[in-house]
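Engineer: Need coordinates for the below:
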Amino acid sequence: MKAWRRITKFGRSAAVLVTACILLWLGIGQRGWGLPQIAQAAPARQVPIFTPTPEADGRIIYIVKVNDTLLGISLVTGVPVDKLRALNNLTSDTIFEGQKLLLGLAGPVEVTPTAGPTPTPTPVLPTPSPRPGQGTLCILLFNDINGDSIRQESEPSIPGGAISFGNRTGTVSQAVNTTAGEEHQCFQELPEGTYTISVAVPAGYNPTTETDYETPLKAGDETYINFGAQANSQTLAEAPVIPPTEGSRSPILGIVGGLFLLAGVGVAVFATRLLRGR
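Structural biologist: Numbers count the residues shown, from 1 in each chain. Now for the predicted structure:
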């Protein structure tokens, strides 16, 4: 009886062991264990590449497509979302299909100029220097009798003074004495330029105008310049008194004679009326 129990127990253990082996073999076969497997890499995801073409004015434009978002456009173009908003004045992330988004500026498209014919250099001819023209200076030192610094027709020249003038280049320099009369002293055929004129008044006179003057002289000009001087009190006192000529009458005597004549006429008229009244 004990031997039978042992055999039965052994048989059960063997059955369990066989069953476990079968199940284990079935599991390995289903999972594919025991056979070498070749790992296949998943196909790489294709990332779209955006190659913008600037427009004629240099702007880079992206046209929104279906299901596009600002984040997606930023990832494709490489432009940050904040910059996309700033460039296009967007207050939100809402965009629509067909909308044009500014991505940046790339400058205007360069146009390669077409080479034209090589110009033939024109020889530069020397420009002839213009010949300097000539002008005339007329200078007068006049007796400013009334002292108004303006020359009147009745105010003559003062003799005994001096006139000197010259140009800036130093090619002209002259000095002469003033003469009596009423005409200007003229100096002709002077080269054009800027001239400085000075006068020296004779003793016994005081200048009533500036004694130095600068003036331009152009070709063909005839420039008149007046300098004035007035006799001082000593010169006036020393001036001789010219006596009246024969036959000349004093105006006072003429006035007195006229008064006497009128008085005589009045007396005659009065006497005539008195006689008629009688």
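
Engineer: residues in contact with Ile60?
Structural biologist: 52-54, 102-106 (C-beta atoms under 8 Å, 6 or more residues apart in numbering). The C-beta positions use only the backbone N, C-alpha and C, and glycine is treated the same way.

Engineer: Look at it and report its pLDDT.
Structural biologist: For Ile60, the model assigns a pLDDT of 89.

Engineer: which SSE is it in?
Structural biologist: In the assignment (DSSP states H and E), Ile60 maps to strand 59-63.

Engineer: Could you give me the buried positions within that strand?
Structural biologist: 59-60, 62 (16 or more other C-beta atoms under 10 Å).

Engineer: For those residues, give me TSV that also has distance to Asp212.
Structural biologist: Below are the buried residues of strand 59-63 laid out as TSV (distance: C-beta to C-beta, whole Å):
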residue	distance to Asp212
Arg59	71
Ile60	75
Tyr62	81
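
Engineer: ok so, going back, would you mind checking the contacts of Ile60 for buried ones?
Structural biologist: 54, 102-103.

Engineer: Next step: the residues you listed restricted to strands.
Structural biologist: 102-103 (DSSP state E).

Engineer: and the spatially closest residue to Pro80 that is not a sequence neighbour, what does it touch?
Structural biologist: Excluding the flanking residues, the one nearest Pro80 by C-beta to C-beta, 6 or more residues apart in numbering is Ser74, at 6.1 Å. Residues near Ser74 by C-beta under 8 Å, 6+ apart: 80-81, 84.

Engineer: Apply 10 Å and report the result again.
Structural biologist: Contacts for Ser74 (C-beta atoms under 10 Å, 6 or more residues apart in numbering) come out as 80-84, 103.

Engineer: ditto for Pro216
Structural biologist: Pro216 touches 135, 192-195, 223, counting by C-beta under 10 Å, 6+ apart.

Engineer: and with 7 Å instead?
Structural biologist: Thr194 (C-beta atoms under 7 Å, 6 or more residues apart in numbering).

Engineer: List the buried residues of the helix or strand it falls within.
Structural biologist: Using DSSP H and E, Pro216 falls within strand 212-217. Buried positions in strand 212-217, judged by neighbour count with 16+ other C-beta under 10 Å: 213, 217.

Engineer: and what of stretch 148-165?
Structural biologist: 151, 155-158, 161, 163, 165.

Engineer: what's the average pLDDT for that stretch?
Structural biologist: So the average pLDDT for stretch 148-165 ends up being 94.

Engineer: One more: stretch 201-215?
Structural biologist: Per-residue scores along stretch 201-215 average to 95.

Engineer: and stretch 148-158, how far apart are its ends?
Structural biologist: 16 Å (C-alpha to C-alpha, to the nearest Å).

Engineer: whoops, stretch 73-89 was the one
Structural biologist: Per C-alpha to C-alpha, stretch 73-89 runs 16 Å from first to last residue.

Engineer: Any stretches of the stretch 51-200 of the chain with poor pLDDT?
Structural biologist: Applying pLDDT under 70 to the stretch 51-200 of the chain picks out residues 51, 107-116, 128-131.

Engineer: Tell me which stretches of it form helices.
Structural biologist: Counting by DSSP state H, counting those that start in this stretch, one finds helices in the stretch 51-200 of the chain at the ranges 70-77, 81-88.

Engineer: right, and those - which one's nearest Leu217?
Structural biologist: helix 81-88 (69.4 Å; C-beta to C-beta).

Engineer: Which parts of the stretch 51-200 of the chain are strands?
Structural biologist: In the stretch 51-200 of the chain, the strands defined using DSSP state E, counting those that start in this stretch lie at 59-63, 100-105, 134-143, 162-167, 173-177, 185-191, 193-200.
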